[in-house]
Structure formats: structure tokens, C-alpha cells
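Engineer: no FASTA, just this:
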Ligand code: TIU
């Protein structure tokens with residue numbers, strides 16, 4: 001088991017039953033000319049977390065943890081895009097319209113791709129999702145159950161839209177959820193801050209938050225032993241023979 005400092009209190013997980021989820025790090029949200037920009041957002045804000053996510057992914061892959069990537073996108077015929085979603089508001093382009101990176105939020109188009117810097121590795125899951133939440137109409141819960149996953153660690157964009165929705169869906173399905181503060185970002189700093197506060201309030205009502213440094217540190221530290229009652233066993237100091245009484249002088253110790 002691994003334990004790390006988190007808000008509002010320590011978070012403990014077993015790597016074999018924990019997945020790292022990277023939400024929607026797609027060109028459509030992060031690059032100019034995509035869906036995020038069509039809504040009037042400054043997409044450059046989201047680019048700040050790319051190096052942090054690269055470090056976290058490298059550390060997670062190094063210890064052999066399961067990685068799951070999601071992509072918000074729709075079938076080319078848009079049958080999985082409710083009119084309420086497509087027709088909402090007055091964006092410069094709507095879902096399915098052609099933009100400089102192809103049709104917005106449509107599977108198979110360049111804009112729907114995960115950015116090159118965070119490309120999925122072989123064996124990692126890539127979940128296409130028509131909604132904001134990763135569990136809606138994706139079969140993700142069933143796949144996680146088949147792998148006996150109990151803990152989910154959330155990263156990606158945007159904090160208060162797809163990341164928060166997914167973490168709330170996961171919490172209601174019984175997963176112990178952690179969000180990595182510097183590996184998630186929003187177009188709005190205030191919404192990110194509010195989301196982290198509200199999800200960790202009331203004794204981790206939705207889940208915990210921590211930093212990538214703490215999470216990576218926990219991966220590098222040896223696993224804590226657990227006792228049968230689930231509590232961490234006290235650490236037994238290793239014995240250094242040269243530090244034992246008499247060792248330096250060669251005096252025999254009476255047995
Ligand atoms: N608009 C916005 O903040 N986000 C989305 O539409 N999707 C995701 O968060 N992925």
C-alpha cells in the first residue's frame with residue numbers, strides 16, 4: 001500500500017488496484033482552432049500542465065500502473081451527440097462543423113486526437129466518450145470492475161467540466177478518487193480553485209487532492225507493509241551490524 005499527504009487527509013492506495021486517468025488532453029481543447037477555442041476560451045492556459053503530466057505519466061508507467069486516456073468525441077453521424085449539446089449557445093463553430101483541425105469533436109478527426117506530447121502508450125486504454133463524464137455511455141465502469149480497480153487518480157482538462165464530472169461519476173460508483181492539482185487545468189483559474197475546494201470539502205465528500213510531487217514521491221518510496229486489520233505495520237529499523245555494541249572494538253557480545 002502507498003500513502004501520501006493529500007487534502008483533506010492522507011490518501012492510501014494499492015497500485016495494483018489503481019488507475020491513472022488522463023481526461024481529454026486533446027488538440028480540440030488545447031490548440032487554436034478547436035472546440036475549446038470555438039467557445040471563446042484562451043486555450044493556452046491549458047498547455048501549462050503538459051510537462052507535469054509527462055513526468056507523472058513516466059513515473060506511473062515506470063511502476064507498471066494502469067493508464068486510461070479519454071477523448072470527448074462523437075460519431076461522424078453525430079447520433080451520439082444530443083441536439084441540446086450541439087445547439088447550446090453561440091459558439092463560432094458547432095460540434096461536427098469543419099475547422100482547421102477537421103470536424104470539431106468528431107472521432108477520427110485530427111482535433112479529436114490526444115496531443116502528441118501525451119500520446120497513449122501500447123496497452124493503455126483509450127476511452128471515447130460522448131459526454132462530459134467518462135462513465136456515461138462508455139462501459140468504463142464494467143472494464144474497471146473486470147480489472148478489480150478500486151481507486152482512480154484524475155488529471156487532465158478541464159477541471160470543472162470533464163474532470164469534475166468524471167470524478168463525481170466515479171465517486172457515486174464507489175471508487176476512492178484523487179485529483180492531481182497541478183496536472184489538471186481550466187480555462188478559468190477561479191473555477192479550478194473552486195472545484196478543488198468543493199470536491200475535497202466535508203471530509204473528502206467527492207475525493208482527495210494532492211500534488212504531482214507528492215504522488216510521484218509515493219511511487220518512488222517503498223510500499224508500506226499492511227497488517228491483516230488493514231493498518232500500516234510499524235516500520236522495523238534495519239540492523240546495521242557495525243553499529244551494534246562491541247562491533248567496533250571486536251568485543252564479543254554475550255548471547
Ligand atoms: N468547455 C470545457 O471547459 N470543457 C469541455 O467542454 N470538455 C472537457 O472539459 N473535456
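Structural biologist: Nice, I can see it. Everything quoted here is computed from the prediction, not taken from an experiment.
Engineer: SS state for the residue nearest the centre of the chain?
Structural biologist: With distances taken as Cα atoms, centre = their mean, residue 154 lies nearest the centre of the chain, 2.4 Å away. Assigned state for residue 154: strand (three-state reduction, DSSP: H, G, I helix; E, B strand; the rest coil).
Engineer: Which pLDDT does the model give it?
Structural biologist: Residue 154 carries a pLDDT value of 99.
Engineer: who's in contact with it?
Structural biologist: 21, 23, 163, 166, 167, 170, 177, 178, 179, 180, 184, 207 (Cβ atoms under 8 Å, 6 or more residues apart in numbering). Where you see a C-beta, it was placed from the backbone N, CA and C, and this is true even at glycine.
Engineer: go on, residue 100?
Structural biologist: Per Cβ under 8 Å, 6+ apart, neighbours of residue 100: 32, 33.
Engineer: give me phi/psi at it?
Structural biologist: Torsion angles at residue 100 (phi, psi; degrees, to the nearest 10) stand at phi -60, psi -20.
Engineer: From the ligand, how far off is the residue nearest to residue 18 when sequence neighbours are not counted?
Structural biologist: Leaving aside its chain neighbours, residue 18 sits nearest to residue 151 (3.9 Å; criterion: Cβ to Cβ, 6 or more residues apart in numbering). Going from residue 151 to the ligand by Cβ to the nearest ligand atom, to the nearest Å gives 22 Å.
Engineer: Tell me if I'm right that residue 151 and residue 14 touch.
Structural biologist: Yes - with contact defined as Cβ atoms under 8 Å, residue 151 and residue 14 form a contacting pair (7.2 Å).
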